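Participant: sequence unavailable; structure follows:
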Ligand code: PDD
């Protein structure tokens, strides 16, 4: 069962008018929230990022945090599975096609739940390949906008070359992955770029930094150059659905030893304990 504009219905019965501005302009924002043992993970953080995205596109939040919590609880309750991920999507609504904001319309609100399978053990044990590409997205990548065409094209570049993620470089510096945040390890220090308009402020990114802090793993939040990525001892990817994953090859060359490294192993273990 999904939630659409005040109703719970089977997904096959959920329809959106073709003039929805999400469909016409990609005019909307979204969130992806993991649910472990039927409890949403870091929900306060996801709701505050949702507010940030809505502010970024100048769309009034249709609900209070309390109302969101209740709605999400209801969606979780009418879906099976201990671990799920919630996809929450808000568009500016339905109106005659005109770029300017329409007056007096209601936003479209859609929430669905999908099963959240644990990342395949083989990927965690052996690691995954990634490629690099120029980050050609707009200047507000901190907004979790539903208009994801650049991310879609960039991620597909990885798939086309047999890799799993595309690491994005802007002006010679790391921004993030096409659908993830990126950390590197050099000389036992975890490095990641500071939050800015050029990357999505990942919730998993925050968790990993908190875990590093709590477990005395040295880390620095600073600009990371292309050369540093290419010479990294380890590269890690983080996202709500992939958690923490080791990247073991970059553009066809091994990262460090070519196997998941010790900092990845420590952080991944901490993450599993933390989310339990
Ligand atoms: N994407 N950067 C981008 C561009 C992303 O799309 C994502 C996640 C992240 C990681 O953010 P978080 O840790 O809060 O999931 C970073 C989600 C999972 C998606 O679009 O499906």
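Facilitator: Perfect, thanks for sending it. Since we're looking at a predicted model, the values are computed, not measured.
Participant: what's the neighbour count on the closest residue to the ligand within the stretch 1-150 of the chain?
Facilitator: Taking CB to the nearest ligand atom as the measure, the point where the stretch 1-150 of the chain comes nearest the ligand is residue 32, at 4.1 Å. The way it works is simple: take the backbone N, C-alpha and C, and place the C-beta from them, glycine included. Applying other CB atoms under 10 Å, we find 18 other residues in the vicinity of residue 32.
Participant: go on, residue 150?
Facilitator: Counted with other CB under 10 Å, residue 150 comes out at 15.
Participant: hmm, it is touching residue 134, no?
Facilitator: No: with contact defined as CB atoms under 8 Å, residue 150 does not count as touching residue 134 (10.6 Å).
Participant: circling back to that earlier point, next, the contact list for the residue of the stretch 1-150 of the chain closest to the ligand, please.
Facilitator: By CB atoms under 8 Å, 6 or more residues apart in numbering, the contact set of residue 32 is 85-88, 240-241.
Participant: ranges for the helices of the protein?
Facilitator: 21-25, 43-56, 65-77, 121-126, 149-160, 203-214, 226-230, 262-275 (DSSP state H).
Participant: wait, does the second one contact the ligand?
Facilitator: No: applying CB under 6 Å from any ligand atom, one finds helix 43-56 separated from the ligand by no less than 7.1 Å.
Participant: now that helix against helix 65-77, angle please.
Facilitator: Note on geometry: by axes from the mean of the first three to the mean of the last three CA atoms, to 10 degrees, helix 43-56 and helix 65-77 are set 120 degrees apart in direction.
Participant: pLDDT of helix 43-56, averaged?
Facilitator: Mean per-residue pLDDT for helix 43-56: 98.
Participant: what's the spacing between the residue in the stretch 51-200 of the chain positioned nearest to the ligand and residue 240?
Facilitator: As assessed by CB to the nearest ligand atom, the ligand sits closest to residue 200 within the stretch 51-200 of the chain, at 3.6 Å. In this structure, residue 200 and residue 240 are 11 Å apart, going by CB to CB, to the nearest Å.
Participant: span of stretch 132-143 from start to end?
Facilitator: End-to-end distance of stretch 132-143 (CA to CA, to the nearest Å): 22 Å.
Participant: what parts of the stretch 101-250 of the chain come near the ligand?
Facilitator: So the stretch 101-250 of the chain meets the ligand at 151, 176, 179-181, 200, 202-205, 238-241 (CB under 6 Å from any ligand atom).
Participant: neighbour-wise, which of these leads?
Facilitator: residue 176 (28 neighbours).
Participant: which residue packs closest to that residue, ignoring adjacent ones?
Facilitator: residue 199 (4.2 Å; CB to CB, 6 or more residues apart in numbering).
Participant: what is the neighbour count of residue 166?
Facilitator: Neighbours of residue 166 using other CB under 10 Å come to 26.
Participant: that one and residue 131 touch, don't they?
Facilitator: Yes: using CB under 8 Å, residue 166 is in contact with residue 131, at 5.5 Å.
Participant: so what's in contact with the two at the same time?
Facilitator: Residues within reach of residue 166 and of residue 131 at once, by CB under 8 Å, 6+ apart, are 157-158.
Participant: how is the protein divided into domains?
Facilitator: 2-115, 121-275 (automatic domain parsing).
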